[in-house]
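J.: okay, here's the prediction I keep looking at, along with the sequence it came from:
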Amino acid sequence: MDFKELVVKALEPALAGQLDAAAIKSLIETPKSSDLGDYAFPTFSLAKIMHRAPKMIASDLVGQIDVTPFEKVKAVGGYVNFYLDKISFAHDVLKVIAQAGEHYGDANIGSGNVPIDMSSPNIAKPMSMGHLRSTVIGNALANILSKIGYTPIKINHLGDWGTQFGKLIVAYKKWGSEDAVKADPIKNLLHYYVEFHEKAEANPELDDEARAWFKRLEDGDEEAIALWRWFRTVSLAEFNRIYKILGVDFDSYNGEAFYNDKMADVVKRLEDKHLLKTSQGAEIVDLSAYNLNPALIKKSDGATLYMTRDLAAAIFRKEHYHFVQSLYVVGNEQREHFQQLKAVLLEMGYDWANDIHHIPFGLITANGKKLSTRKGNIILLENVLRDAVGLAKQQIAEKHPDLPNADKVAHEVGVGAVIFHDLKNERLDNFDFNLEEVVRFEGETGPYVQYTNARANSILRKAAIDPAPEVALSDPAAWDVLRALGDYPSMVLRAAKEYEPSVIAKYALRLAKAFNKYYANVKVLVEDSELPARLAMVKATTQVLTNALQLLGVGAPEEM
């Protein structure tokens, strides 16, 4: 059902010797207004080749192509504008959606495992709004890639190792209590961590104690290992409670500690390939050939670093999962790190490093300020989700006080609002978070899309007859909705190709706006010959909105 192909096939004979099918397809545009057609072919690039004015080329093309599959074809300036046969289009789109249901938009263009490194909070620290982006972007990408045939493997690469554990052990032993940690693990462990940094500014010897305790941890000291394991267990239980609220799960929780016994092999492989060089006592890999800073593999005291650990993780994932792609959903500030990671792997002779992709994203700020755990400047994710559900519950009570399962719907709307707001922003954009704007039922929000879906479901419940996609729909007012419905499969492919969930979120807003405009201007339930077809379009809208929201990890309640 690729209607763009109709345009390509119409133009191809007339442009033989000038452009091939792929080049024609790449030039085709979608006009901003349906008054200018459904597809437009610009002739400006041909003007240089043919030494003629674009307007004349466009006019000549209209006279040469077969216009039979279209309602009409017009030359407008330097464009050839194609208007699709609306009745045929409506019939085909509604029939396909009715038959495919939740599988509408599926594509078998990918296969194989795709590990997705995502979320990755640090043990003994709370899940903050700063963790939201990696978690929900990674989850949406897993859903999108699964829809086109890949097998995603969601990996929560926990921050469960490092010098911060030395600091935490010192703080716990000096100021902590077992009862306090058991009562509220994350809150109290964070308190100890922040207190350590505050007191270390005046007492630098605390840093020495922390380094000594981390050395004991690395050396397998029983007390250090027992404390580390306890901190990890209670933290992970808290994390999983919040992941359950978000509706996100994982296939692996192998974090930094998992690779402790795998780094020596990485260092040996680097040595065997004569890639390690000594610089100021440290071991590095020279990456000047890639215009990158050297990759630091071992510090002068012999300690390994993030790079060593990530090399071990990349090699393990390739050997264990045999991946066809490997994604790292990590903030934009780590861009150089992943460039170095790929470069070192390529230097080691691993061509599969080209299948590794860093999926960077921008920051969430609060009142324009970056969130920081160390300085205690954080917004707890659980609190945001709880408050979002509360705001959703208030609005539902006003609009629909006798709604069945109101608590369940409020959860889907409140949590969905937070997820949708994140994902409607392009990955690399920074954005400031304002909860009241996020949970509004009007505007470009998740609740707006959910409410549109619920409204469409309400129409279907009120209808006295069943939808019938085989009945012709000729209503011109329905065209923007039908075009949006037909575009969904291409939006899925684009989101996958660009690793960009915002494509789906923005598409859902576009479909919701088109449907609401239609609903405001047309009496859907009028009993005439086209009622079954109108209901088929309403049903298709609920299906596609539900599909799109599910790809984003957002619920689609049928009543609100």
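T.: Nice, I can see it.

J.: how about the helices in the stretch 101-250 of the chain?
T.: Ranges of helices in the stretch 101-250 of the chain, per DSSP state H, counting those that start in this stretch, are 132-147, 163-175, 178-183, 185-202, 205-218, 222-246.

J.: likewise for the stretch 401-550 of the chain?
T.: So, for the stretch 401-550 of the chain - with DSSP H, counting those that start in this stretch - the helices run 406-424, 435-438, 446-462, 479-498, 502-521, 531-552.

J.: if we can go back for a sec, buried deepest among the helices of the stretch 101-250 of the chain, which one?
T.: Ranked by mean neighbour count, the helices of the stretch 101-250 of the chain are led by helix 132-147 with a mean of 24 (mean count of other C-beta atoms under 10 Å). Every residue, glycine included, has its C-beta placed from N, CA and C.

J.: residues in contact with it?
T.: Residues from elsewhere that reach helix 132-147 (C-beta atoms under 8 Å, 6 or more residues apart in numbering): 105-107, 110, 114, 116-120, 152, 154, 243, 246, 248, 327, 329-331, 359, 361-362, 364, 381, 418-419, 422-423, 427, 492, 495-496, 499, 501, 504, 550-553.

J.: could you export that helix as PDB, CA atoms only?
T.: Backbone C-alpha positions of helix 132-147 (Å, rounded to 0.1, in the frame of the first residue of the first chain) are rendered in PDB as follows:
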ATOM      1  CA  LEU A 132      13.600   9.000  32.300                       C
ATOM      2  CA  ARG A 133      14.900   9.700  28.800                       C
ATOM      3  CA  SER A 134      17.200   6.700  28.400                       C
ATOM      4  CA  THR A 135      14.500   4.400  29.800                       C
ATOM      5  CA  VAL A 136      11.600   5.500  27.700                       C
ATOM      6  CA  ILE A 137      13.500   6.200  24.500                       C
ATOM      7  CA  GLY A 138      15.200   2.700  24.800                       C
ATOM      8  CA  ASN A 139      11.800   1.000  25.400                       C
ATOM      9  CA  ALA A 140      10.100   2.800  22.500                       C
ATOM     10  CA  LEU A 141      13.000   1.800  20.200                       C
ATOM     11  CA  ALA A 142      12.700  -1.800  21.300                       C
ATOM     12  CA  ASN A 143       9.000  -1.700  20.400                       C
ATOM     13  CA  ILE A 144       9.600   0.000  17.000                       C
ATOM     14  CA  LEU A 145      12.400  -2.400  16.000                       C
ATOM     15  CA  SER A 146      10.400  -5.400  17.100                       C
ATOM     16  CA  LYS A 147       7.600  -4.200  14.800                       C
END
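
J.: and the average pLDDT for it is what?
T.: Mean pLDDT, helix 132-147: 98.

J.: quick one, domains of this structure?
T.: The record assigns the chain these domain ranges, following automatic domain parsing: 3-84, 162-248, 396-552.

J.: mean pLDDT and distance to residue 131 added to the ones you listed, as TSV?
T.: Shown next, in TSV, are the domains of the chain (pLDDT from 0 to 100; distance: least, C-beta to C-beta, whole Å):
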stretch	mean pLDDT	distance to residue 131
domain 3-84	94	36
domain 162-248	94	9
domain 396-552	96	11
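
J.: nearest spatial neighbour of residue 543, skipping sequence neighbours?
T.: Nearest non-adjacent residue to residue 543, counting by C-beta to C-beta, 6 or more residues apart in numbering: residue 97, 5.8 Å away.

J.: who touches that neighbour in this structure?
T.: Contacts for residue 97 (C-beta under 8 Å, 6+ apart) come out as 104, 469, 485, 540, 543-544.

J.: outside of the one helix or strand residue 311 maps to, which residues touch it?
T.: Taking DSSP states H and E as the criterion, residue 311 maps to helix 306-321. Helix 306-321 is contacted by residues 113, 115, 117, 153, 155, 157, 161, 254, 256, 259, 262-263, 265-267, 295-298, 323, 326, 337, 340-341, 344-345, 350, 352-353, 356 when judged by C-beta under 8 Å, 6+ apart.

J.: same check, this time on stretch 438-456
T.: For stretch 438-456, the external contacting residues (C-beta under 8 Å, 6+ apart) are 388, 391-392, 395, 399, 412-414, 416-421, 424, 437, 508-509, 512, 515-516, 519, 538-539, 541-542, 545-546, 548-549, 554-560.

J.: drop anything exposed from these.
T.: Among the contacts of stretch 438-456, those classed as buried by 16 or more other C-beta atoms under 10 Å are 388, 391-392, 395, 412-414, 416-421, 424, 508-509, 512, 515-516, 519, 538-539, 541-542, 545-546, 548-549, 554-557, 559-560.

J.: from the chain's centroid, how far away is the one helix or strand residue 97 maps to?
T.: Using DSSP H and E, the element containing residue 97 is helix 86-100. Computed by C-alpha atoms, centre = their mean, to the nearest Å, the chain-centroid distance of helix 86-100 equals 29 Å.

J.: run the angle between it and helix 479-498 for me.
T.: 60 degrees (axes from the mean of the first three to the mean of the last three C-alpha atoms, to 10 degrees).

J.: helix 531-552 and helix 86-100, what's the angle between them?
T.: 60 degrees.

J.: buried sites along the helix holding residue 311?
T.: Across helix 306-321, burial judged by 16+ other C-beta under 10 Å covers 307-318, 321.
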